[in-house]
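A.B. asks: got a structure for you, letters missing:
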């Protein structure tokens, strides 16, 4: 079964080419435009049911559902990749169900949440991740491109950064056990026939086997080569290192990429099935609320 997780990003509005010029998210220009309204417009009118195809990254995304509650915008998007031909196979019979053309995008529904407080310079985006399926690139790229074009005269852009409380995460990491570590490398065939494949090398803790806690800190510092973990030789340098950690029964996954770490929040379900909307929303709002509390944002500024 795939893992069911979400990650959090801090979203802000700033002047183009000027990092330290953040604006109030609920009133970011002289016309008092609100980021929440702009997100609602983008989802409805720019994505909509027809969707957007990103030719450069070969991602496709469209809106499936949208609802809002006070300063919280919930949505479900369907997203996937196109560009490769293939066949969908009925796994119970082995029969071919239908062909996938290069212009087809097998899509998966992924839930999103934007919380835009009435005060402050930061909004929070929670985005669902199921196994390897994510809308991080397919949603953020068209939104940030559209926003930059829409506010070109104001010289405004939107930024996103991974959100985590440094103190809280450091405490969690320091008191956690490393359960699993995976090195992932993405390979593209020279003839382009298959496209991008992911090569994965994994080590797990088990009975009598405990993974070194030192690997956590070294991986976060990007100072953990595959040779420190595996005896096999010839393992390539990874594009990402996935670290599954656990403390007091709570699981978290840290994904260390080439640019920044992403901190993943695991959603445990008793039956191993995808969490329903109520569970997903409860888990997201629990983490988002705690993060906004630490940022000094009043609950009344975003809750109904």
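C.D. replies: Right, received. Where do you want to start? On a predicted model such as this, the values are computed, not experimentally measured, just so you know.
A.B. asks: Need the single longest helix in this structure, by residues.
C.D. replies: helix 277-294 (DSSP state H).
A.B. asks: Can you point out the buried residues in it?
C.D. replies: For helix 277-294, the neighbour count (16 or more other Cβ atoms under 10 Å) marks 280-281, 283-285, 287-289, 291-292 as buried. From N, CA and C alone the C-beta is placed, and that goes for glycine too.
A.B. asks: can you give me how far it is from the chain middle?
C.D. replies: Taking Cα atoms, centre = their mean, to the nearest Å, one finds the center of helix 277-294 at 15 Å from the center of the full chain.
A.B. asks: other SSEs contacting that helix?
C.D. replies: Using 3 or more Cβ pairs under 8 Å, 6 or more residues apart in numbering; DSSP states H and E as the contact test, the elements touching helix 277-294 are strand 4-15, strand 107-115, strand 123-130.
A.B. asks: count of residues packed around residue 41?
C.D. replies: Residue 41 has 12 neighbours, counted by other Cβ atoms under 10 Å.
A.B. asks: All the helices of this protein, residue numbers only.
C.D. replies: Under DSSP H, the chain gives helices at 35-41, 136-150, 166-174, 214-220, 277-294.
A.B. asks: rewinding a little: would you turn the helices and strands packed on helix 277-294 into a markdown table with distance to residue 218 and mean neighbour count?
C.D. replies: Formatted as a markdown table, these follow (distance: least, Cβ to Cβ, whole Å; neighbours: other Cβ atoms under 10 Å):
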| stretch | distance to residue 218 | mean neighbour count |
| --- | --- | --- |
| strand 4-15 | 22 | 20 |
| strand 107-115 | 32 | 21 |
| strand 123-130 | 24 | 23 |
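A.B. asks: Tell me which of those strands lies nearest to residue 256.
C.D. replies: Nearest of these to residue 256, taken as Cβ to Cβ: strand 4-15 at 12.9 Å.
A.B. asks: The closest one to helix 136-150, inter-axis angle?
C.D. replies: Strand 4-15 and helix 136-150 are oriented at 20 degrees to each other (axes from the mean of the first three to the mean of the last three Cα atoms, to 10 degrees).
A.B. asks: what sits against the nearest residue to residue 244 once chain neighbours are set aside?
C.D. replies: Spatially, and ignoring its direct neighbours in sequence, residue 244 is nearest to residue 180 (4.0 Å; Cβ to Cβ, 6 or more residues apart in numbering). Residues near residue 180 by Cβ atoms under 8 Å, 6 or more residues apart in numbering: 202-205, 211, 242-244.
A.B. asks: now that we have these, which one has the most neighbours?
C.D. replies: residue 243 (24 neighbours).
A.B. asks: what mean pLDDT does the longest helix of the chain have?
C.D. replies: Averaged over helix 277-294, pLDDT sits at 90.
A.B. asks: Tell me what angle it forms with strand 4-15.
C.D. replies: Relative orientation of helix 277-294 versus strand 4-15 (the same axes, to 10 degrees): 40 degrees.
A.B. asks: coming back round to it: what's the closest of the helices and strands packed on helix 277-294 to residue 298?
C.D. replies: Closest approach to residue 298 among the helices and strands packed on helix 277-294 (Cβ to Cβ): strand 107-115, 12.8 Å.
A.B. asks: What pairs with the closest one, parallel or antiparallel?
C.D. replies: strand 72-81 (antiparallel), strand 123-130 (antiparallel) (DSSP bridges).
A.B. asks: And for the shortest one, what's in contact with it?
C.D. replies: So the one you mean is strand 123-130. With Cβ under 8 Å, 6+ apart, strand 123-130 has contacts from 2-12, 25, 35-36, 108, 110-117, 134-136, 139, 160, 163, 264, 274, 280, 284, 287-288, 291-292.
A.B. asks: again with the first one
C.D. replies: Identification of contacts with strand 72-81 by Cβ under 8 Å, 6+ apart yields 36, 39-40, 43, 47, 51, 58-68, 105-116, 133, 135, 138-139, 281, 285, 302-303.
A.B. asks: where's it relative to the chain centroid, distance-wise?
C.D. replies: 12 Å.
A.B. asks: Give the rounded mean pLDDT of it.
C.D. replies: Here the average pLDDT along strand 72-81 is 95.
A.B. asks: before we move on, what about the last one?
C.D. replies: Looking at strand 123-130 alone, the average pLDDT works out to 94.
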